[in-house]
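> Give the three-dimensional model of this entry:
(chains A, B, C and D)
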Number of protein chains: 2
Amino acid sequence: MVTLKQIAEELGISITTVSKALKEYPDVSKKTRKLVRETASMLNYKPNSFAVNLRTKESKTIGLIIPEIVHHFFSSVIKGIISQAEKKGYLVITLQSNESYELEKKQIDLLLSKRVDGILISLANGTGDFKHITEVIEQETPIVMFDKIAKTVKCSKVIIDDRKAAYKATQHLINIGCKRIAHFRGPLLPQNSIDRFLGYKQALIDNNLSYDASLVYLLNDMSFEEGKFYANQLLKDHKDVDGIFINTDLVAIGAISEFNKKGIKVPEQINVIGFSNWFMASVISPSLTTVNQPGFQMGKKAFKILYKEIKDRKKRKNISYNEVILETDLIFRDSTNN
Amino acid sequence: MVTLKQIAEELGISITTVSKALKEYPDVSKKTRKLVRETASMLNYKPNSFAVNLRTKESKTIGLIIPEIVHHFFSSVIKGIISQAEKKGYLVITLQSNESYELEKKQIDLLLSKRVDGILISLANGTGDFKHITEVIEQETPIVMFDKIAKTVKCSKVIIDDRKAAYKATQHLINIGCKRIAHFRGPLLPQNSIDRFLGYKQALIDNNLSYDASLVYLLNDMSFEEGKFYANQLLKDHKDVDGIFINTDLVAIGAISEFNKKGIKVPEQINVIGFSNWFMASVISPSLTTVNQPGFQMGKKAFKILYKEIKDRKKRKNISYNEVILETDLIFRDSTNN
DNA sequence: CGGTAAATCGAAAACGTTTTCGATTTATTT
DNA sequence: AAATAAATCGAAAACGTTTTCGATTTACCG
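Numbering: from 1, shown residues only, chains lettered A, B, ... in the order given. Alright, predicted model coming up:
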């Protein structure tokens, strides 16, 4: 591997001058600059990033912690982050917390000890304690949370308004004439499940439809099978239900599949709205009306904010936390009688 | 940030001894070892990885280049790689080539200049020239290719036998009585499309079914819409087709969706087999018979091989290239009349 | 041509670690 | 107690870069 020293020796000048020539310092003549440039590219010189990192105290690398990689929404976020990072010359180290608080903590430590320039994180469902996050902030390493966040932690965030989105979805069900609307909700953590539930409830109340707790089903693993199971359960419990707002598309698809099997017509007998706009939502039949969750944009935005914080910290500007709420919209398809 | 120097000063001993005490060197007494350990953890010492990298010339980081992150198969591979890498103390920098040869080349350069310890890559569809890969090998940076590989390049590889898998799928169609079997094939690159086509063709020939080129449709973007389009086309061109082997699940799902729409019964009138076993294959109706492509395992295996090469190179052992072919199996579902 | 200003260069320190090898201390043996 | 062996320590170089600041050279002006 060729170093500055070798170029210097080749030309009989000092390492200093070589270094400066390669990075537009004003105190090196055009002649030697050109010379250095030429021999550098001739020898195929590549700066040793280990040395650069040590010297400049930054690695142009950020860490990313995601609960689950194999997931349409999250992989879209990853793509957004990576694409934006690459534009700014940053690389992304990705880790998966597997929805485990313990792993998440270890991974934060790992990233800090690798001295990444910043961290992007979407919290694991099980995470209820945030000391590992606040420690990052105290260490002055920029961090921004996205999607699954901790409201109480003071740092930048990029989210959607789950409550509002759920409200709009439920409102749509009401607008098209539903009177008895069920909800398949997610677990008690993360916050998103709660917010979607609250949006659902609020929409009912605001439209003078009585809120009936027995119409709300608490799911655990949010799987296709669970969708089928609770769809079946719902049919047993409440014959009069004419609409459901479901926490996530996969479950909604399970439910629709069960309805199809049982001969219940969607949307004629039951209107179904999902959440996320997974790719397959457009592909099943009937296609699924759902809330579009802009993963790619969320990733881009999250990186942009992190980038700004990294730059500000470098300039010793006092950083101000940013909280961005991305717009969601309802995608109208065939599972609702629009 | 606390350094070895600070610990040394704190205890009035040399940096050398501190360093040695922290890494099980035999020439430091148990007493001082204990002392150093204690103050290190008290001061929350974390070795500066930039310095460690510079000194040891390795970063415990590998690079990963993937054509497309938002993709069930590839995200499974990523997950496999990251999970395995973490076990061995390696971090993974992920880049997306977007199926572009030019980007792929740049990203290889980027990773090399970051001095990753090794590279994992699945080639972009457009990549027909492999100089950027052979350069990596010449630079003595371990590299292993997976899934979309270059057969002519001498390095370790992890793949499935696309040809065999396609053969088995087609054979199944024949076994259940299909006489006129169509094929929706992928573009001329990557090699995988070719191999799947060849497996299809071979199965026909081996079973004394004449190969009819007009039953093979060449797709471009492998999308849901294309699946619908060519399913429609097929119905117009060939009324007698009773089975299709389709290059990838998404297209197969498009085709089934079109058949459903047109009132063509699957599998009664047409048997359909896909490829990949995407998650949604089990979710549509009828559920899709398909070839299971073990992404997670592929990721794990690819990292394991890379890891071995990294270790071997460090020990200056002469490395031998490894070519692993993972088993695939046919998942029998409702789109074929089994 | 002398003197000043501007342009150009390089020595050296610093980043924080690892590791070699020689020095010193302690323990063991005769 | 002297000699030897074993245990313990530390100085210093090295990894390759960046950057400060002083030194040297060149250009410019009167």
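> which residues in the stretch 51-200 of chain A form helices?
With DSSP state H, counting those that start in this stretch as the criterion, the stretch 51-200 of chain A has helices at A:72-87, A:101-113, A:131-138, A:162-175, A:191-206.
> Output these in a markdown table; the columns should cover mean pLDDT.
As requested, the helices of the stretch 51-200 of chain A are exported to a markdown table (pLDDT from 0 to 100):
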| stretch | mean pLDDT |
| --- | --- |
| helix A:72-87 | 97 |
| helix A:101-113 | 96 |
| helix A:131-138 | 96 |
| helix A:162-175 | 98 |
| helix A:191-206 | 97 |
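> Run through the residues of the stretch 201-338 of chain A sitting next to chain B.
Proximity of the stretch 201-338 of chain A to chain B, by C-beta under 8 Å from any C-beta of the partner chain, involves residues A:F224, A:I253, A:G254, A:S257, A:N260, A:F279, A:M280, A:S282, A:V283, A:I284, A:S285. Where you see a C-beta, it was placed from the backbone N, CA and C, and this is true even at glycine.
> Kindly report the residues of chain A close to DNA strand C.
Residues of chain A found near DNA strand C (C-beta under 7 Å from any atom of the strand) are A:12-17, A:27-32, A:51, A:54-55, A:57.
> could you dump the strand or helix carrying A:L35 to PDB, C-alpha only?
Taking DSSP states H and E as the criterion, A:L35 maps to helix A:30-42. C-alpha atoms of helix A:30-42 as PDB (Å, rounded to 0.1, in the frame of the first residue of the first chain):
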ATOM      1  CA  LYS A  30       0.800  24.900  -8.800                       C
ATOM      2  CA  LYS A  31       3.800  23.200 -10.200                       C
ATOM      3  CA  THR A  32       4.400  20.800  -7.300                       C
ATOM      4  CA  ARG A  33       0.700  20.300  -6.700                       C
ATOM      5  CA  LYS A  34       0.400  19.100 -10.200                       C
ATOM      6  CA  LEU A  35       3.400  16.900  -9.800                       C
ATOM      7  CA  VAL A  36       2.200  15.400  -6.600                       C
ATOM      8  CA  ARG A  37      -1.300  14.800  -8.100                       C
ATOM      9  CA  GLU A  38       0.200  13.000 -11.000                       C
ATOM     10  CA  THR A  39       2.500  10.600  -9.100                       C
ATOM     11  CA  ALA A  40      -0.300  10.000  -6.600                       C
ATOM     12  CA  SER A  41      -2.700   8.800  -9.200                       C
ATOM     13  CA  MET A  42       0.100   7.000 -11.000                       C
END
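> how distant is it from the center of its chain?
44 Å (C-alpha atoms, centre = their mean, to the nearest Å).
> check whether that helix contacts DNA strand D.
No - residues of helix A:30-42 contacting DNA strand D under C-beta under 7 Å from any atom of the strand: none, with a closest distance of 9.6 Å.
> how about that helix: buried residues?
Burial within helix A:30-42, assessed by neighbour count using 16 or more other C-beta atoms under 10 Å in any protein chain shown, is assigned to A:R33, A:L35, A:V36, A:T39, A:A40.
> Please identify which two of the residues of the stretch 201-338 of chain A next to chain B are farthest apart in space.
A:N260 and A:F279 (19.7 Å; C-beta to C-beta).
> The residue of the stretch 151-300 of chain A found nearest DNA strand C: how many residues sit nearby?
The nearest approach of the stretch 151-300 of chain A to DNA strand C comes at A:C155, 25.0 Å away (C-beta to the nearest atom of the strand). Neighbours of A:C155 under the rule other C-beta atoms under 10 Å in any protein chain shown: 23.
> Equivalent analysis for A:P286, please.
The tally of other residues near A:P286 (other C-beta under 10 Å) stands at 17.
> Check A:K179 too.
Neighbour tally, A:K179, other C-beta under 10 Å: 12.
> what's it in contact with, if anything?
By C-beta atoms under 8 Å, 6 or more residues apart in numbering or on different chains, the contact set of A:K179 is A:L209, A:D242.
> all helices of the stretch 201-338 of chain A, in order?
A:224-237, A:249-262, A:295-314.
> can those helices go into a markdown table with extra columns for mean pLDDT?
Formatted as a markdown table, those follow (pLDDT from 0 to 100):
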| stretch | mean pLDDT |
| --- | --- |
| helix A:224-237 | 96 |
| helix A:249-262 | 95 |
| helix A:295-314 | 96 |
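> Deepest in the core, which of these is it.
helix A:249-262 (a mean of 23; mean count of other C-beta atoms under 10 Å in any protein chain shown).
> how's chain A carved up into domains?
A:4-47, A:59-161+A:295-329, A:162-293 (automatic domain parsing).
> Distance from the chain centre to the second one, please.
Read that as domain A:59-161+A:295-329. Relative to the centre of its chain, domain A:59-161+A:295-329 is centred 8 Å away, using C-alpha atoms, centre = their mean.
> quick one: it near DNA strand D?
No - Domain A:59-161+A:295-329 is not in contact with DNA strand D by C-beta under 7 Å from any atom of the strand; minimum separation 10.7 Å.
> which ones are touching the residue of the stretch 201-338 of chain A found nearest DNA strand D?
Nearest residue of the stretch 201-338 of chain A to DNA strand D (C-beta to the nearest atom of the strand) works out as A:K314 at 10.7 Å. By C-beta under 8 Å, 6+ apart, the contact set of A:K314 is A:E58.
> ok, now A:I246?
Applying C-beta under 8 Å, 6+ apart to A:I246 gives the contacts A:H183, A:F184, A:G227, A:A252, A:A255, A:V272, A:I273, A:G274, A:F275.
> Quick check, the residue in the stretch 201-338 of chain A closest to DNA strand C?
Among the residues of the stretch 201-338 of chain A, A:K314 lies closest to DNA strand C, at 15.7 Å counting by C-beta to the nearest atom of the strand.
> A:N207: neighbouring residues, count only.
15.
> With B:T248 as the reference, name the closest of the helices of the stretch 201-338 of chain A.
Judging the helices of the stretch 201-338 of chain A by C-beta to C-beta, what sits closest to B:T248 is helix A:249-262, at 19.9 Å.
> okay, the closest one in CSV with CA atoms only?
Written as CSV, here are the backbone C-alpha positions of helix A:249-262 (Å, rounded to 0.1, in the frame of the first residue of the first chain):
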residue,chain,number,x,y,z
ASP,A,249,-51.0,-4.9,6.7
LEU,A,250,-49.8,-8.4,7.3
VAL,A,251,-52.5,-9.0,9.9
ALA,A,252,-55.1,-7.4,7.7
ILE,A,253,-54.1,-9.7,4.9
GLY,A,254,-54.5,-12.6,7.2
ALA,A,255,-57.9,-11.4,8.2
ILE,A,256,-59.0,-10.9,4.6
SER,A,257,-57.8,-14.3,3.7
GLU,A,258,-59.9,-15.8,6.6
PHE,A,259,-62.9,-13.7,5.5
ASN,A,260,-62.5,-15.0,1.9
LYS,A,261,-62.3,-18.6,3.2
LYS,A,262,-65.4,-18.2,5.3
